[in-house]
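J.: Structure for this input, please:
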Amino acid sequence: MHRFNDKVVIVTGAGSGIGEATARRFAAEGASVVLAGRTRSKLDKVAAGLPEGKKLVRVTDVSVLAEVEGLVQDTLKTFGRIDVLINNAAVAPVGKVTEASVDDWRQVMAINLDGVFYCSRIAIPELIKTGGSIVNVSSVSGLGGDWGLSFYNAAKGAVTNFTRALAMDHGRDGIRVNAVCPSLTRTDMTEDIYGNVKLMEKFRQRIPMARGAEPEEVADVIAFLASHDARFVNGVNLPIDGGLTASNGQPRMA
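T.: Now for the predicted structure:
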């Protein structure tokens, strides 16, 4: 498929995991891709596998408004337009509210929430011109609570509802705003979980498909939501969870 020929896509957190897989998926479908993230070496590694002339690497801390403004300006200078924004950058400090630090709270809100706000605010005027689309990467942690992840839950819960509000406010502008809500996915952030045999068994017991997601499986859904195929899908927070949220929480009987 080449659903994104002549389209320009910004992906934040593009240096690894879901962001990397998403950048590769859009590039494979013909898009020019802007890779944004905080670590140049990671971005360059991803960019090396993308077509020449259809990629831009921009070191960006999405928690800093001026850097987001520079990201959008450089994108317009290089490609002249923006068609899709993927808000993916995130961090996930672990600990109860009395254990994780105030600095942890500020960082998770700055990256996971302020970053989505800044990128959306600055990109929306350009997306109006192209009839573009925003896909936020929320989480099943934005649909329900976790043990020991209250900061992450708060930020992703805000992203979930922010997605709905943006969709309502800008639908008449020709912009669609949706979010994906993955459960456990194999990324750098979840490396410790995948390396813990007992913990992984607990996940397999809870997820009906008995495994976590691969980043490419999330990227496939992101690409769908951003495409013309999803042209009447707006304001959706779509779980990508192998059936996890289908459960009412009761234990398996057999």
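J.: from here on, contacts and neighbour counts on C-alpha atoms
T.: Will do.
J.: List the first helix or strand encountered after the helix-or-strand element of the chain with minimal mean pLDDT toward the C-terminus.
T.: Between all helices and strands in the chain, the lowest mean by mean pLDDT, DSSP states H and E belongs to helix 191-194, at a mean of 92. Remark: after helix 191-194, the chain's next helix or strand is helix 197-206, criterion DSSP states H and E.
J.: Now do stretch 8-26: everything it contacts.
T.: Applying Cα atoms under 8 Å, 6 or more residues apart in numbering, the contact partners of stretch 8-26 are 4, 31-39, 42-43, 45-46, 50, 62, 79, 81-90, 186-188, 215-216, 218-220, 222-223.
J.: Now do the end-to-end distance for it.
T.: Using Cα to Cα, to the nearest Å, the end-to-end distance of stretch 8-26 comes to 9 Å.
J.: just how off-centre is that stretch within its chain?
T.: 9 Å (Cα atoms, centre = their mean, to the nearest Å).
J.: What's the mean pLDDT across it?
T.: Averaging pLDDT along stretch 8-26 gives 98.
J.: now stretch 98-115
T.: For stretch 98-115, the per-residue pLDDT averages 97.
J.: ok, now stretch 132-149?
T.: Mean predicted confidence for stretch 132-149 is 97.
J.: cool, and stretch 172-185?
T.: 98.
J.: before we move on, what about stretch 245-254?
T.: For stretch 245-254, mean pLDDT is 89.
J.: ok, residues contacting it?
T.: Identification of contacts with stretch 245-254 by Cα under 8 Å, 6+ apart yields 140, 205, 239.
J.: Nearest residue to the last one in space, please, no chain neighbours.
T.: Counting by Cα to Cα, 6 or more residues apart in numbering, Pro239 lies nearest to Cys181, which is 4.4 Å off, once chain neighbours are set aside.
J.: Looking at the contacts of stretch 245-254, spot the one nearest Ser133.
T.: Pro239 (18.5 Å; Cα to Cα).
J.: Packing partners of the lengthiest helix in the chain?
T.: Counting residues, the longest helix found in the chain (DSSP state H) is helix 150-170. Here helix 150-170 touches helix 102-108, strand 176-182, going by 3 or more Cα pairs under 8 Å, 6 or more residues apart in numbering; DSSP states H and E.
J.: most packed of the ones you listed?
T.: With neighbours defined as mean count of other Cα atoms under 10 Å, these peak in mean count at strand 176-182, which reaches a mean of 26.
J.: Who are the packing partners of it?
T.: For strand 176-182, the elements it packs on are strand 133-137, helix 150-170, helix 215-226, strand 237-240, judged by 3+ Cα pairs under 8 Å, 6+ apart.
J.: 10 Å instead, please
T.: The contact analysis (3 or more Cα pairs under 10 Å, 6 or more residues apart in numbering; DSSP states H and E) places strand 176-182 against strand 84-87, helix 115-130, strand 133-137, helix 150-170, helix 215-226, strand 237-240.
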